[in-house]
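S.K.: Curious how this folds, go ahead:
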Amino acid sequence: MKKIPVEEAVGMTLCHDITKVIPGKFKGRAFQRNHVIRQEDVAELLKIGKEHVFVWEEHEDEIHEDEAAVRIAEAVKGTNIEYEKPKEGKSILKSTQRGLLKINSSVLYEVNSLDNISVACLPNNYTVEKGQGLAGVRIIPLTIEESVIERLEAICAGEEQVLEVKPYLSKKVGIVTTGNEVFKGLVEDRFAPVMNEKLKYYGAKNLGQIICPDDLEIIGEAIDRFLSKGAEVIILTGGMSVDPDDLTPTAIRRTGAKVITYGVPIQPGNMFMLAYYKDTVMMGVPGAAMYYPTTSLDVVLPRVLAGEVMEKRDFVMMGEGGFCSFCQECTYPRCYFCR
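M.R.: A predicted model of the protein is given here:
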């Protein structure tokens with residue numbers, strides 16, 4: 001690039017966007033790349049602190065920030081992600097549908113370790129809507145050696161995508177509610193309305209609810225009924241504490257399911273259980289899910305409904321950020337919880 005005093009730049013073409021900042025009021029593009037500077041622009045440029053402007057000079061080994069942003073976006077975007085045309089040297093990646101954002105953290109770290117590269121994104125396992133911004137990509141200077149971008153493209157060329165959005169699958173879900181107090185009508189069931197609303201959001205096929213007394217045989221029969229209906233997920237609530245009368249964990253184990261975890265470093269929702277019976281996911285959900293808007297259930301459910309097979313390590317890692325601050329107004333997932 002060639003640096004030119006503003007007063008001498010009339011008639012020349014800008015090689016980059018120029019940003020204008022009014023504290024507390026505005027931050028955005030004042031002059032667009034390829035704008036031809038006019039005499040009346042000089043005063044405005046000086047007003048926003050630009051005594052010099054830059055015009056483009058071609059060099060074989062360098063590329064402009066806009067081209068670099070496009071190539072970075074192409075390299076890191078995966079399934080169900082698109083990107084916008086660069087603005088002020090930055091391209092925004094957006095989701096093309098509702099789903100779960102998955103990030104290859106090790107590759108992202110390698111990308112951002114390259115000099116003058118910036119890929120800033122939402123956290124891994126973030127639930128996103130169609131059209132939602134996922135990441136902003138750019139280079140730090142106005143130009144960069146093409147070899148750096150080529151290195152980035154090579155890093156991202158592996159089989160695993162750097163960023164992708166996994167859509168929620170329309171899985172068949174059955175709900176088993178246990179507890180003599182609910183079965184006998186002494187206490188109103190508060191879980192089904194909560195669960196029905198969550199399943200509706202994710203587009204799951206709700207197979208209904210079976211309410212059982214505290215009886216292992218009857219709970220086991222309820223599980224079998226949903227399995228016979230092809231349930232891909234069975235959610236059991238009630239009887240999840242360490243009280244000897246709480247039978248749900250035992251009922252899950254008696255199916256022969258492989259237990260991944262019973263108890264998680266997440267509050268609220270410590271007494272959460274996840275197990276796999278063949279291809280069916282079984283989740284034992286603690287009573288906290290009926291009283292708090294966000295619990296361990298809300299962290300795990302989108303991952304299960306996106307088809308992810310979870311391991312013990314996934315739960316262990318949730319301890320950092322796993323304590324909810326119980327904000328007056330819950331904004332999850334737009335917070336730190338289990339990030």
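
S.K.: my read is Glu181 is in a helix, agree?
M.R.: Yes. Using DSSP: H, G, I helix; E, B strand; the rest coil, the assignment for Glu181 is a helix.

S.K.: confidence score at it?
M.R.: The per-residue pLDDT reported for Glu181 equals 88.

S.K.: Can you tell me the number of residues neighbouring it?
M.R.: Using other Cβ atoms under 10 Å, the number of residues around Glu181 comes to 13. C-beta coordinates here come from the backbone N, C-alpha and C atoms, glycine included.

S.K.: so which helix or strand takes in the closest residue to Lys20 other than its chain neighbours?
M.R.: Among residues not flanking Lys20 along the chain, Ala30 sits closest, at 3.6 Å (Cβ to Cβ, 6 or more residues apart in numbering). Using DSSP states H and E, Ala30 sits in strand 26-31.

S.K.: cool, and Glu110?
M.R.: Glu110 belongs to helix 105-112, assigned by DSSP H and E.

S.K.: Give the next helix or strand downstream of that helix.
M.R.: strand 117-121.

S.K.: Pairing partners for that next one, with directions?
M.R.: With DSSP bridges as the test, strand 117-121 is paired with strand 133-139 (antiparallel).

S.K.: what sits up against stretch 297-307?
M.R.: With contact meaning Cβ atoms under 8 Å, 6 or more residues apart in numbering, stretch 297-307 is reached by 99-100, 125, 127, 166-169, 171, 198, 202, 204, 233, 266, 269, 272, 274, 281, 283, 285, 289, 310, 314, 318, 332, 337-338.

S.K.: Do me a favour and average the pLDDT over the helix holding Glu110.
M.R.: Per-residue scores along helix 105-112 average to 97.

S.K.: just to revisit the earlier point, would you mind listing which of the contacts of stretch 297-307 are buried?
M.R.: 99-100, 125, 127, 166-169, 171, 198, 202, 204, 233, 266, 269, 272, 274, 281, 283, 285, 289, 314, 318, 332, 337-338 (16 or more other Cβ atoms under 10 Å).

S.K.: returning to that earlier point: wait, the residue nearest to Lys20 sits on Ile48?
M.R.: Yes. Using Cβ atoms under 8 Å, Ala30 is in contact with Ile48, at 6.1 Å.

S.K.: So between the two, which is more surrounded?
M.R.: Using other Cβ under 10 Å as the criterion, Ala30 and Ile48 rank with Ala30 on top: 18 against 13.

S.K.: quick one: low-confidence ranges for the stretch 1-150 of the chain?
M.R.: Residue ranges of the stretch 1-150 of the chain with pLDDT under 70: 1, 56-60.

S.K.: if we can go back for a sec, residues of the strand holding Ala30 that come out buried?
M.R.: Buried-residue list, strand 26-31, by 16+ other Cβ under 10 Å: Ala30, Phe31.

S.K.: ok, Cys327 to Thr294 distance?
M.R.: Taking Cβ to Cβ, to the nearest Å as the measure, Cys327 falls 9 Å from Thr294.

S.K.: do you know how far Glu44 is from Cys156?
M.R.: Distance from Glu44 to Cys156, by Cβ to Cβ: 40 Å.

S.K.: Show me where the protein has its helices.
M.R.: Assigned by DSSP state H, the helices in the chain fall at 41-47, 65-76, 105-112, 146-155, 180-183, 191-202, 216-228, 248-254, 296-305, 312-316.

S.K.: would you list those helices in JSON lines and tack on distance to Glu88?
M.R.: Shown next, in JSON lines, are the helices of the chain (distance: least, Cβ to Cβ, whole Å):
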{"stretch": "helix 41-47", "distance to Glu88": "16"}
{"stretch": "helix 65-76", "distance to Glu88": "9"}
{"stretch": "helix 105-112", "distance to Glu88": "20"}
{"stretch": "helix 146-155", "distance to Glu88": "19"}
{"stretch": "helix 180-183", "distance to Glu88": "57"}
{"stretch": "helix 191-202", "distance to Glu88": "35"}
{"stretch": "helix 216-228", "distance to Glu88": "53"}
{"stretch": "helix 248-254", "distance to Glu88": "53"}
{"stretch": "helix 296-305", "distance to Glu88": "33"}
{"stretch": "helix 312-316", "distance to Glu88": "37"}
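
S.K.: Counting neighbours, what do you get for Pro141?
M.R.: 13.

S.K.: more neighbours, Cys327 and Thr294?
M.R.: Using other Cβ under 10 Å, the more surrounded residue of Cys327 and Thr294 is Thr294, with 22 against 12.

S.K.: Which residue is the nearest non-sequential neighbour of the more buried one?
M.R.: Tyr332 (4.2 Å).

S.K.: Identify the residues contacting that neighbour.
M.R.: Pro293, Thr294, Asp298.

S.K.: Need the overlap of contacts for Ala30 and Ile48.
M.R.: In contact with both Ala30 and Ile48: Ile18, Lys20, using Cβ under 8 Å, 6+ apart.

S.K.: among the helices of the chain, which is the most enclosed?
M.R.: helix 296-305 (a mean of 24; mean count of other Cβ atoms under 10 Å).
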